Each structure stands twice: as C-alpha cells, then as structure tokens.
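In: starting from these lines, generate the structure:
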Amino acid sequence: MEKKSKNKAVKSGIFIAVFVLSIMIIGVSVSYAYFSANVVGSSDTGENQADKLNVTTTLTSGGAINATSLAIIDGSEYLTKAEHFEFTVTNNTDSTVRAKYAINLTDITISKNILSKYFKWAIVVNSDTSNAITGDFQDASLATEGNSDTTTVTIDSKILVSEEDALELDIGATDTLTFYLWLENDDNVDQLYLTNGNMTAKLSLDAFPVR
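Out: Presented below is the predicted three-dimensional model:
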C-alpha cells in the first residue's frame, strides 16, 4: 500500500513537468481526378467516360494539437481527458465511385523516452467509441521501454490506418474523426521517465478509389 501511494505521488509530477507536444496538421488536398476509363452507352458509339473521385478533408484548414503539458490518465478516461483534434473526410457528390482512405503520421521528431507503450493514440470515427482504432508509440528498434533519454530521433512515417484496413466512404458521405493523444497510467510502474519528452509530427490522409 505504501509503494502504491509513492507511485501516485511520482505520477502527479508527470502532469506538471514540461512536456512539449505539437501535432501539426498537414495541409494537403486529397482530391483525385480521373483514374480509369469505362465504356458507356452502346458498344458502337465509342463514347468513353472516366470515373471520378473527389475527396476533401478539413485537415487542410484545421488547427493542431499543441500541448505544453500532457497529463497521465487512465486508459478509460481518454475520451474526456486526452488531447484531441477533430476533422472530417468527405467523398463529394461529384464523385462517381466510393472512396477509401488511410491515415498516417509523417515527419515525426520524437524523444526516445516517449517511444513507449504508455504514449497512446486513438482514432474515433463518427463517435463510434466501441470501434475506436488505437495504438502506441513503442519502437524497440529505436529505444527501450523505461529509457529516460530525451534525445530526439526522426521517423518518416507511422501508419495509423493502413491501406489494407482503409476506411470507406460512399458517394456524398462524410466521416467525422477525432484523433486523441495521451500518456496512460500504470500504478505498478514508476513512469517518471516519461517526463520532459517532446514530439512534432504531421497528420496526413491518403485517399483512393474503390470499385
């Protein structure tokens, strides 16, 4: 019981420690034009019409997560207490095909101490929390868990939603997504090594057509 109380005291220090986190939203247009040709009309007319995919997102005009202090919270609390950013993805009505889209973090600079299983992310689509997409930033090839080294490393990209698991949009449909970031509490671990970490990254989206 005494050990648990000590850990709680240490964890309160994580909240007040300087923790610089800046998720910059990548400003890219995900509008795809003609991608394939299909014969329309009768076979002897020779008329061709290309299918069209026009996907847009508010990532191109949205804000960013910019936290100078990131609290450590229980995993069950992330929906109400985690830093987050909301954006939409729309397959516009002038599209003639359904869309799929993948989501990544790119241009990542991150300190080794938060390449950790306790540094978590989640994506919730259309408020469906029961099917939240979740993950963490642990990377054993770059740092070991428990390392307090705040030296930064660069990572080209991190897949959040892969092309194989891409989200799908019907013509005219819009998804509203919320991206969350937090440090997750573990009462049985001294997590002081997570303090004074920092990360910058860009959130990006890749869209492609679906037959």
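
In: the protein: helices as residue ranges?
Out: 2-16, 78-81 (DSSP state H).

In: now the last one: average pLDDT?
Out: Per-residue confidence for helix 78-81 averages out to 95 on the pLDDT scale.

In: that helix: which residues count as buried?
Out: Across helix 78-81, burial judged by 16 or more other Cβ atoms under 10 Å covers residue 78. Placement of C-beta: from N, CA and C, glycine included.

In: now swap in stretch 180-189 and tell me
Out: Result for stretch 180-189 [16+ other Cβ under 10 Å]: buried residues 180, 181, 182, 183, 184, 185.

In: would you turn those residues into CSV with distance to residue 111?
Out: Shown next, in CSV, are these (distance: Cβ to Cβ, whole Å):
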residue, distance to residue 111
180, 20
181, 14
182, 17
183, 13
184, 17
185, 20
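
In: test my guess that residue 176 contacts residue 124.
Out: No - if you go by Cβ atoms under 8 Å, residue 176 and residue 124 don't touch, sitting 9.0 Å apart.

In: those two - which one has more neighbours?
Out: More neighbours surround residue 124 than the other of residue 176 and residue 124, with 21 against 14 (other Cβ atoms under 10 Å).

In: residue contacts, that one?
Out: Listed by Cβ atoms under 8 Å, 6 or more residues apart in numbering, the contact set of residue 124 reads 79, 132, 133, 177, 178, 180.

In: what's the least confident helix or strand in this structure, going by average pLDDT?
Out: strand 34-39 (a mean of 40; mean pLDDT, DSSP states H and E).

In: mean pLDDT lowest for which of the helices of the chain?
Out: With a mean of 42, helix 2-16 has the lowest mean pLDDT of the helices of the chain.
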